[in-house]
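Colleague: Below are the sequence and a predicted model; questions follow.
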Amino acid sequence: MGKHLIIANWKMNLTIHEGSLLVHKLSELTQNHRTVDVVLAPGFLNLQSLNLQIDHSKFKLCAQNFYWRDAGAFTGEVSANQLRGLVSYALVGHSERRHIFGEAGREIGRKVQAAIRHDIKPVLCVGETAMERGDGETNDVLHDQLVAGLANVTSDDMKHVIIAYEPVWAIGSGNSATPDDVEKASAMIRRQIQHMFGAQVARDVQVLYGGSVSMDNARGYLDTKGVNGLLIGGASLHADQFASIIKTAHQSLSGKK
Ligand code: PGA
């Protein structure tokens, strides 16, 4: 039986103290489920203290971003080399990085490779804007983002790569995609991965959904064919809501309503 992967993306929220408090509450509210991997992506400043605070059998850590070079004169940047051993995962190409900070294809591909080089699992985020969707370009956008993001990645490397389908129009908008939309996008993503890496990799790759996931709609995605977990922004900032989603993920795999 597969596992669900549930990632909390705190974005640029919470002070060090608030983050620690949230994790403390979350630990109290959650049980250790063998069926669910729970991953926290706090801001950089929280990573070290949370690494000491968390029960590592319950939570893993994820970076929200990093620079692809290993070291050098890159003021203000943090490398995958520096994150090695501290985080198990890193988001790559989140739509806020693409749209606010201008990250594009080639750079995103280099980040995926840097993460793999340093034993960090990249969570490559892909998704179309509202306008692209309106123009019927969703599949083309997913194709282009996967081709650029996974350039120079081998089939063997793909064991460590996770794909998150995050339609830009659904992120932080309260306007989530339907499970049907997500099933189609996941199928398209797997078709493209099959084309690039073969059928086995396409079957095995974990595909997550993200975009206005809440306690109320989480189950719908978790029960959707081809979906292996969730990337959660807003709802992950509330211990009770995030704990409820973790429980839902467990129930979804154990077949309970
Ligand atoms: P949201 O964010 O859940 O607040 O929509 C998701 C994300 O950006 O990863």
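Modeller: Received, thanks. Numbers count the residues shown, from 1 in each chain.

Colleague: And for whichever residue of the chain sits closest to the ligand, the neighbour number?
Modeller: Closest residue of the chain to the ligand, Cβ to the nearest ligand atom: Gly233 (2.3 Å). No exception for glycine: its C-beta is placed from N, CA and C like everyone else's. Using other Cβ atoms under 10 Å, Gly233 has 22 neighbouring residues.

Colleague: Make sure it is actually in contact with Met12.
Modeller: No - counting by Cβ atoms under 8 Å, Gly233 sits too far from Met12 to count as a contact (11.0 Å).

Colleague: hang on, the earlier thing: what does the closest residue to the residue of the chain closest to the ligand other than its chain neighbours show for phi and psi?
Modeller: Nearest residue to Gly233 in three dimensions, chain neighbours excluded: Asn9, at 5.0 Å (Cβ to Cβ, 6 or more residues apart in numbering). Per-residue torsions, Asn9: phi -110, psi 100 (degrees, to the nearest 10).

Colleague: got it, and the one 5 residues further on?
Modeller: With angles defined as degrees, to the nearest 10, Leu14 shows backbone torsions of phi 70, psi 130.

Colleague: Please, which helix or strand holds the nearest residue to it once chain neighbours are set aside?
Modeller: Leaving aside its chain neighbours, Leu14 sits nearest to Leu22 (6.5 Å; criterion: Cβ to Cβ, 6+ apart). Under the criterion of DSSP states H and E, Leu22 resides in helix 16-29.

Colleague: can you give me the offset of that helix from its chain's centre?
Modeller: 20 Å (Cα atoms, centre = their mean, to the nearest Å).

Colleague: The ligand contacts on the stretch 1-150 of the chain?
Modeller: Where the stretch 1-150 of the chain comes near the ligand, counting by Cβ under 6 Å from any ligand atom, the residues are Asn9.

Colleague: now the stretch 1-150 of the chain, which segments are flagged as low pLDDT?
Modeller: Confidence mapping of the stretch 1-150 of the chain against pLDDT under 70 gives the ranges 1.

Colleague: what about the strands in it?
Modeller: Using DSSP state E, counting those that start in this stretch, the strands of the stretch 1-150 of the chain run over 4-9, 36-41, 59-63, 89-92, 121-126.

Colleague: Parallel or antiparallel, list what pairs with the second one.
Modeller: Here strand 36-41 has these sheet partners by DSSP bridges: strand 4-9 (parallel), strand 59-63 (parallel).

Colleague: Kindly reformat those as CSV containing mean neighbour count and distance to Tyr89.
Modeller: As requested, these are exported to CSV (neighbours: other Cβ atoms under 10 Å; distance: least, Cβ to Cβ, whole Å):
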stretch, mean neighbour count, distance to Tyr89
strand 4-9, 25, 7
strand 59-63, 22, 4
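
Colleague: With respect to Thr129, which of the ones you listed lies nearest?
Modeller: Judged by Cβ to Cβ, the one of the strands paired with strand 36-41 that comes nearest to Thr129 is strand 4-9, at 18.8 Å.

Colleague: contact partners of that closest one?
Modeller: 35-41, 62, 64, 89, 91, 94, 123, 162, 164, 206, 208, 210, 222, 228-233, 236, 242, 245-246, 249-250, 252-253 (Cβ atoms under 8 Å, 6 or more residues apart in numbering).
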